[in-house]
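Chemist: Structure, please.
(one chain, ligands or ions: 1)
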Amino acid sequence: MAHKAKIATVFGGTGFLGKQVVHRLAARGVTVKIATRVPERANFLKTCGAVGQIVPVQCDYSDARSIHQAVKGSDFVVNCVGILFERRKRARFEYLHVDLPAIIAKACADEGVSRFTHVSALGCDTGISKYAQTKYDGENAVRANFPDAIILRPSVMFGQGDNFFNKFAELSRFMPFLPLIGGGKTRFQPVYVGDVAEVVSKGLFVGSSEFLGQTYQLGGPDIVTFRGIYEKLFKYTARPKKLISVPFRIAKLKAAFLKFWPNPILTPDQVDDLKTDNVVDDKAQGIDVFEIHPKSMDLILPGYLETYKFGGRFAVEQSA
Ligand SMILES: NC(=O)c1ccc[n+]([C@@H]2O[C@H](COP(=O)([O-])OP(=O)(O)OC[C@H]3O[C@@H](n4cnc5c(N)ncnc54)[C@H](OP(=O)(O)O)[C@@H]3O)[C@@H](O)[C@H]2O)c1
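Modeler: As a prediction, the model looks like this:
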């Protein structure tokens, strides 16, 4: 007898991580429902599966019935929805990081979903920013409604289209200097987005129940300071810039103005986020549990940061 294809609902499947998750699930033959506010934005993902395998479904995140509808009939659910900064009414940390995951988790329990993976953030248990604290509250809300959820806490994720290296690379195009917030000493353990997507996929598929109800901290092979991040950036964009140390206090003051930009480069909450290191705890369960060897920044960054070089991607060949 033929096996029935599994069905998964991915919330935030149009996002940076979500689309990688959709790709991996599609490759495993899963029928993927992408629950999104704007289904048209998910159409580009249809080509990563067979005809009819990837199905964008409209979801109103403020309506529990709409969320239940998106979850109904699925074997697996993944929640990749998250924001970096708030917008007065449209995007609140408390709602999107705490209430929404709770509603999704409850829908998973009510609809008999077998596995639910929720994406949180590394350092959420120690961070002092509202982003971190709401991520932590969101984990607890998920556990209360779906105790077997697999919770993932990635460090900052890098890869084509990221909002981290690309943001600084973009700034370095026109800024004569770049700010070293808090002296640039904050430590990160950046992890490749494709490796995190692979963790999501394995967590849903591996037959045994060893991953259920666990929380994993996901970091890459390298620990770097904020200054070290800039050094990598300059190496692969070949656009070295002067670095100016900006104390947290001053950065927060500037961010209080910058936060009004449509897509702010820095908010006061992000300054708070930089006050604590973002590295995997020695005692935590990590990416190795999934038998994944995380890819290094040096392997992945050149593939997309070289487009920021003077003359673009082919500048090296021309000058060689
Ligand atoms: N990127 C990182 O470095 C990083 C690091 C640690 C943890 N995380 C966490 O990992 C998850 C995935 O991150 P990501 O970088 O892939 O996120 P993303 O691309 O910025 O956004 C993911 C999804 O969130 C939804 N979303 C975005 N803004 C929204 C808003 N204002 N209101 C309602 N929904 C909104 C969108 O879904 P639709 O438009 O399809 O509705 C989007 O596809 C998030 O929970 C994030 O907090 C990310």
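Chemist: Verify the contact between P268 and A255 for me.
Modeler: Yes: counting by CB atoms under 8 Å, P268 does reach A255; the two are 4.6 Å apart. For every residue, glycine as well, the C-beta is placed using N, CA and C.
Chemist: Need the overlap of contacts for the two.
Modeler: Residues touching both P268 and A255 by CB atoms under 8 Å, 6 or more residues apart in numbering: none at all.
Chemist: how far is the longest helix that the chain contains from where the chain is centred?
Modeler: When the chain is parsed with DSSP state H, its longest helix is helix 130-145. In terms of CA atoms, centre = their mean, to the nearest Å, the gap separating the centre of helix 130-145 from the centre of its chain is 15 Å.
Chemist: same check, this time on stretch 92-106
Modeler: Taking mean C-alpha positions (CA atoms, centre = their mean), stretch 92-106 and its chain are 16 Å apart.
Chemist: Going forward, count from 839.
Modeler: Fine by me, first position is 839 from now on; the one you just mentioned is stretch 930-944.
Chemist: which residues does L1018 contact?
Modeler: Contacts of L1018 by CB under 8 Å, 6+ apart are F1064, R1065, Y1068, L1081, I1082, S1083, V1084.
Chemist: can you list the residues of the stretch 839-988 of the chain near the ligand?
Modeler: 850, 852-856, 874-876, 899, 918-921, 928-929, 934, 957, 959 (CB under 6 Å from any ligand atom).
Chemist: List the buried residues of stretch 1063-1078.
Modeler: Neighbour counts using 16 or more other CB atoms under 10 Å place T1063, F1064, G1066, I1067, Y1068, K1070, L1071, F1072, Y1074, T1075 of stretch 1063-1078 among the buried residues.
Chemist: Then stretch 1141-1158?
Modeler: Buried residues in stretch 1141-1158 (16+ other CB under 10 Å): Y1142, L1143, E1144, Y1146, K1147.
Chemist: what would those look like in CSV with pLDDT, secondary structure and distance to the ligand?
Modeler: Shown next, in CSV, are these (pLDDT from 0 to 100; DSSP: H, G, I helix; E, B strand; the rest coil; distance: CB to the nearest ligand atom, whole Å):
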residue, pLDDT, secondary structure, distance to the ligand
Y1142, 97, helix, 15
L1143, 97, helix, 16
E1144, 93, helix, 21
Y1146, 94, helix, 19
K1147, 92, coil, 23
